[in-house]
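S.K.: quick check, what structure comes out for this input:
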Amino acid sequence: MYEIIEKKLLSDSVKLMKIKAPLVAQKALPGQFIILRIDEKGERIPLTIADSDSKEGSITIIFLEVGKTTKQLGALNVGDSIENFAGPLGMPSEVKKYGTVVCVGGGVGIAPLYPIIKALKQGGNRVISILGAKTADLLLLEKEIHVFSDESYIATDDGSKGHKGFVSEVLQQVIDRHKVDMVMAIGPIIMMKVVSTLTKKYNIKTLVSLNPIMVDGTGMCGGCRVSIDGKTKFACVDGPEFDGHKVDYDNLMLRNRRFVHAEGEACRLADVQ
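M.R.: Sure, this is the predicted structure:
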């Protein structure tokens, strides 16, 4: 069993939890994820690692309550335990000295971007962060990311903070002013697609972190397959990071919508019960 040792409400539907998982914390690296199961009857869901502390033996996860399991997880409190917590899974981020790196995060995608930004800065890079959300109230880890950023920018859809508009518009402004050596983008699929389309015009190396539907997390089930440069890859073992210029985003969006109706029905039945 894995005990919840800290819980924070970051917005109405986004929550942070620290989970006591010493063995996972000892091995966790930026860019990796875990798969958890709340109880023996629960489904397994993947969540990216927002932070880890090997001394404390903890893993931090940040999640949006969007389906039956994430809502059930969000209802747990400090002192409660999770049945299974497997990880770290996936390939870690390749952290090296690139030069000037622009890290673009959208929505809950900001959470897994944080440890990557920290590692890139500690690796000697000049880090420029661009964080986006629908409104200022939904921005995550703004202060924490600012600490490890040489420059940081905010974009909100409604203009409640920073640039009114999209992160891609701010990215264009940064590209116009700086020689950018690499871009890392994590967020909604459409955001990563737009960012990748923009950077491809300038031939800027771009990495994106994909979180398709996963089941076993070991490459056996094939549920997380994605099309990269026309070839099938499995996000759980080959990723989750891929060359943003080679991802078939339209196929990814189509596959991620497969179980929308079933998830909605599961939430409805849970509310009835």
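S.K.: contacts and neighbour counts: CA atoms only from here.
M.R.: Noted.
S.K.: for the protein, which segments count as helices?
M.R.: 22-27, 68-74, 110-122, 142-147, 167-177, 189-201, 235-238, 249-256, 260-272 (DSSP state H).
S.K.: specify the stretch among these that is closest to residue 35.
M.R.: The closest of these to residue 35 is helix 235-238. By CA to CA, the value is 10.2 Å.
S.K.: what comes up buried for the closest one?
M.R.: 235-237 (16 or more other CA atoms under 10 Å).
S.K.: count residues in the vicinity of residue 230, would you?
M.R.: By the criterion of other CA atoms under 10 Å, residue 230 has 10 neighbours.
S.K.: quick one: low-confidence parts of the chain?
M.R.: For the chain, the stretches with pLDDT under 70 are 213, 257-273.
S.K.: if we can go back for a sec, looking at the helices of the chain, which is nearest to residue 130?
M.R.: With CA to CA, the closest approach to residue 130 among the helices of the chain belongs to helix 167-177: 6.5 Å.
S.K.: elements contacting that closest one?
M.R.: The elements that helix 167-177 packs onto, with contact taken as 3 or more CA pairs under 8 Å, 6 or more residues apart in numbering; DSSP states H and E, are strand 126-133, strand 151-156, helix 189-201.
S.K.: list the contacts of residue 108.
M.R.: 14, 62-64, 140, 187 (CA atoms under 8 Å, 6 or more residues apart in numbering).
S.K.: coming back round to it: most packed of the helices and strands packed on helix 167-177?
M.R.: strand 126-133 (a mean of 27; mean count of other CA atoms under 10 Å).
S.K.: other SSEs contacting that strand?
M.R.: strand 100-106, helix 110-122, helix 142-147, strand 151-156, helix 167-177.
S.K.: what's the spacing between it and its chain's center?
M.R.: 14 Å (CA atoms, centre = their mean, to the nearest Å).
S.K.: ditto for stretch 152-171
M.R.: So, by CA atoms, centre = their mean, the centroid of stretch 152-171 is 19 Å from its chain's centroid.
S.K.: can you give the domain ranges for the protein?
M.R.: 2-89, 100-256 (automatic domain parsing).
S.K.: returning to what we had before: just send the helices and strands packed on helix 167-177 back as JSON lines, with distance to residue 109 too.
M.R.: JSON lines is the format used below for these (distance: least, CA to CA, whole Å):
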{"stretch": "strand 126-133", "distance to residue 109": "9"}
{"stretch": "strand 151-156", "distance to residue 109": "14"}
{"stretch": "helix 189-201", "distance to residue 109": "10"}
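S.K.: tell me which of the helices of the chain lies nearest to residue 183.
M.R.: Proximity to residue 183 (CA to CA) singles out helix 189-201 among the helices of the chain, at 7.9 Å.
S.K.: the inter-axis angle of that closest one versus strand 126-133?
M.R.: Here helix 189-201 runs at an angle of 140 degrees relative to strand 126-133 (axes from the mean of the first three to the mean of the last three CA atoms, to 10 degrees).
S.K.: list the helices and strands helix 189-201 packs on?
M.R.: Judged by 3+ CA pairs under 8 Å, 6+ apart, the packing partners of helix 189-201 are helix 167-177, strand 182-186, strand 205-209, helix 249-256.
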